[in-house]
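*Asks:* Dropping a prediction and its sequence here:
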Amino acid sequence: MATLSSAQVKHFNQDGFLFLEDIIPTDKLHKMQNEFEQWKEESKNFSQPYGTTFDNRSRFDLEPGHSADKPALRRVASPVEISETYLDFMRNNLALDALVDVLGPDLKFENAKINSKQPGAATHVKYHQDFLFEPHTNDDMVTVLFFIDDVTEENGPLEVVPGTHKGPLYEHWHNGVFTGAVSDAVASEMKKHAVPCYGPAGSACLMHTRLLHGSAPNLSDKPRTLFICEYTAEDTYPLQSNHIPSAYMYEIVRGKFTGRVRCSEYEMIFPEIPKGASFFEQQAKAN
């Protein structure tokens, strides 16, 4: 039985994204909010990124200016490895049911992270395409952004450029440096066509891996926290190391293992695997 209507599937295929309300049950949402608050409280004890991930990078990334008085925890890499709450939800949620209607019955988990903009956070996510960080044999890949907080017009919502998933793969290398962002000229033009994606906590936005997107700083007094999971069709295989690896990467989360691989034709330069706690450091190179 289909989860999405034919109109919703058409909207996703045409625009490259789809907003859905009431995706996170209230009890699970509260657990996820509480765990993130515990991590934020813990971050007050640190002045530099800390913790250890699957590939020995820092798990918890701190925004410049972070302090015990004004904690600014902006990234938790692979929270599914340290939280049963986040792991269970990654494996079983209504957005996955929706993805079956978009990508087919057999789905894999790719990676997960929490991105948070605390009140007054200066982090500006420059326009980019997720696929340029993660080349695969085909692009049947969807990033799901689960709203842990209310996302408003003022607290740095996701900005997407409809239809760009059908367009070119824009260069993310500039002057020999992987900046994890499109050129200023492309960003300036695309921003004219961008639309914000905001809504109440518990909502989700499905976003095609090639869709051009970014977000502005949080200018409000409310946090904006997202639990972000990427899923792929089961016959989609990586061509480079996972940039947010975990013990659960490539786990089958819907359907079955087929042993088949599907390839599409495209060209890109391999991305730089981040050495720091997150891609924010790569994007800072563009300044």
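*Replies:* That came in fine, so what should we check first?
*Asks:* tally of neighbours for the residue nearest to Asp221 when sequence neighbours are not counted?
*Replies:* The spatially closest residue to Asp221, leaving aside those adjacent along the chain, is Pro119, at 4.8 Å (Cβ to Cβ, 6 or more residues apart in numbering). For glycine as for every other residue, the C-beta is placed from the backbone atoms N, C-alpha and C. When neighbours are defined as other Cβ atoms under 10 Å, Pro119 has 14 of them.
*Asks:* try Phe109
*Replies:* Neighbour count for Phe109, taken as other Cβ under 10 Å: 21.
*Asks:* and it, how far is that from Phe17?
*Replies:* Relative to Phe17, Phe109 is positioned 20 Å away (Cβ to Cβ, to the nearest Å).
*Asks:* ditto for Ser188
*Replies:* With distances taken as Cβ to Cβ, Ser188 is found 21 Å from Phe17.
*Asks:* So, low pLDDT: which residues of the stretch 51-200 of the chain?
*Replies:* Nowhere does the stretch 51-200 of the chain drop to pLDDT under 70.
*Asks:* For it, just list every one of the helices.
*Replies:* Listed in chain order, the helices found in the stretch 51-200 of the chain under DSSP state H, counting those that start in this stretch are 84-91, 94-103, 184-191.
*Asks:* Nearest the middle, which residue of this structure would you pick?
*Replies:* Centrality entry for the chain: nearest residue to the mean C-alpha point is Ile228, 4.2 Å, by Cα atoms, centre = their mean.
*Asks:* Show the contacting residues for it.
*Replies:* For Ile228, the contacting residues are Ala112, Lys113, Ile114, Asn115, Thr143, Val144, Leu145, Phe146, by Cβ atoms under 8 Å, 6 or more residues apart in numbering.
*Asks:* does it sit in a helix, a strand or a coil?
*Replies:* strand (DSSP: H, G, I helix; E, B strand; the rest coil).
*Asks:* heads up, I number from 16, so please use that
*Replies:* Happy to do that; since the first residue is 16 now, the last one works out to Ile243.
*Asks:* Which per-residue confidence value corresponds to it?
*Replies:* On pLDDT, Ile243 comes in at 98.
*Asks:* Please name the bridge partners of it.
*Replies:* Residues in a beta bridge with Ile243, per DSSP bridges, are Lys128, Leu160.
*Asks:* And it, how close does it get to Glu249?
*Replies:* Counting by Cβ to Cβ - Ile243 and Glu249 are separated by 20 Å.
*Asks:* Check His81 too.
*Replies:* 39 Å.
*Asks:* Compare neighbour counts for those two and give me the winner.
*Replies:* A count of neighbours by other Cβ under 10 Å puts Glu249 above the other of His81 and Glu249, at 25 against 21.
*Asks:* Grab the nearest non-local neighbour of the more buried one.
*Replies:* Nearest residue to Glu249, sequence neighbours excluded (Cβ to Cβ, 6+ apart): Asp121, at 3.5 Å.
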